[in-house]
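Student: Can you look at this prediction? I've put the sequence above it.
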Amino acid sequence: MDILSTMEEVISLRKEKPKEGSYTSYLFNEGLDKILKKVGEESTEVIIASKNSDKNELISELADLCYHILVLMKEKEISLKEIEKELKIRLKK
Ligand SMILES: N=c1c2ncn([C@@H]3O[C@H](COP(=O)(O)OP(=O)(O)OP(=O)(O)O)[C@@H](O)[C@H]3O)c2ncn1[C@@H]1O[C@H](COP(=O)(O)O)[C@@H](O)[C@H]1O
């Protein structure tokens with residue numbers, strides 16, 4: 001998905017060139033434990049929203065989780081290309 005690549009670029013930029021007021025730069029500044037805490041929180045929120053009937057709420061929570069996973073990937077220097085490569089290996093048609 002193109003938006004994920006664009007977000008990967010912006011997130012990368014926020015790590016390499018921290019910007020004032022940027023939430024992403026704040027997360028990188030706080031470090032791995034903070035990022036992991038957010039991934040955990042957002043995962044829990046996805047689970048809770050999945051049990052409810054509000055589809056838009058679930059979409060919003062899934063988008064939050066995607067963002068925080070991209071931040072975690074950058075923190076660990078893992079690219080979307082590497083995930084794509086792994087998924088292609090697993091792909092069965
Ligand atoms: N997709 C997102 C995105 N999704 C969620 N969030 C932020 O994630 C935070 C999570 O909200 P919470 O209420 O759980 O947490 P909080 O209480 O605000 O913060 P904590 O103290 O828990 O860390 C909110 O501040 C949201 O604004 C995001 N922040 C940024 N992005 C993307 O990152 C790009 C760069 O953003 P900046 O880094 O802010 O410039 C943006 O253009 C977007 O594409």
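Tutor: Sure, I can see it.
Student: Any regions of the protein where pLDDT drops low?
Tutor: For the chain, applying pLDDT under 70 flags the ranges 1.
Student: Going along the chain, name the helices of it.
Tutor: 2-16, 23-30, 32-51, 55-75, 80-90 (DSSP state H).
Student: possible to save those as TSV with mean neighbour count and distance to the ligand?
Tutor: Just so you know, the C-beta spots here come from the backbone N, C-alpha and C atoms, and that holds for glycine as well. Formatted as TSV, the helices of the chain follow (neighbours: other Cβ atoms under 10 Å; distance: least, Cβ to the nearest ligand atom, whole Å):
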stretch	mean neighbour count	distance to the ligand
helix 2-16	14	5
helix 23-30	16	3
helix 32-51	14	6
helix 55-75	17	4
helix 80-90	10	14
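Student: What residues does the residue nearest to Val39 when sequence neighbours are not counted make contact with?
Tutor: The shortest distance from Val39 to any non-neighbouring residue, by Cβ to Cβ, 6 or more residues apart in numbering, is to His68 (5.0 Å). The contact partners of His68, by Cβ atoms under 8 Å, 6 or more residues apart in numbering, come to Ile35, Lys38, Val39, Glu42.
Student: how close does His68 sit to Glu75?
Tutor: Separation of His68 from Glu75 (Cβ to Cβ, to the nearest Å) stands at 10 Å.
Student: follow-up on the earlier one: which of the contacts of His68 sits closest to Pro18?
Tutor: Top of the list for closeness to Pro18, among those and by Cβ to Cβ, is Ile35 at 14.7 Å.
Student: if I pick Val46, what's in contact with it?
Tutor: Leu58, Glu61, Leu62, Leu65.
Student: Which residues are in contact with each of His68 and Glu75?
Tutor: Joint contacts of His68 and Glu75 (Cβ under 8 Å, 6+ apart) are Ile35.
Student: could you redo the contacts of His68 as CSV and give each row distance to Ser79?
Tutor: Converted to CSV, the contacts of His68 look like this (distance: Cβ to Cβ, whole Å):
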residue, distance to Ser79
Ile35, 16
Lys38, 20
Val39, 17
Glu42, 21
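Student: Thank you kindly, that will do.
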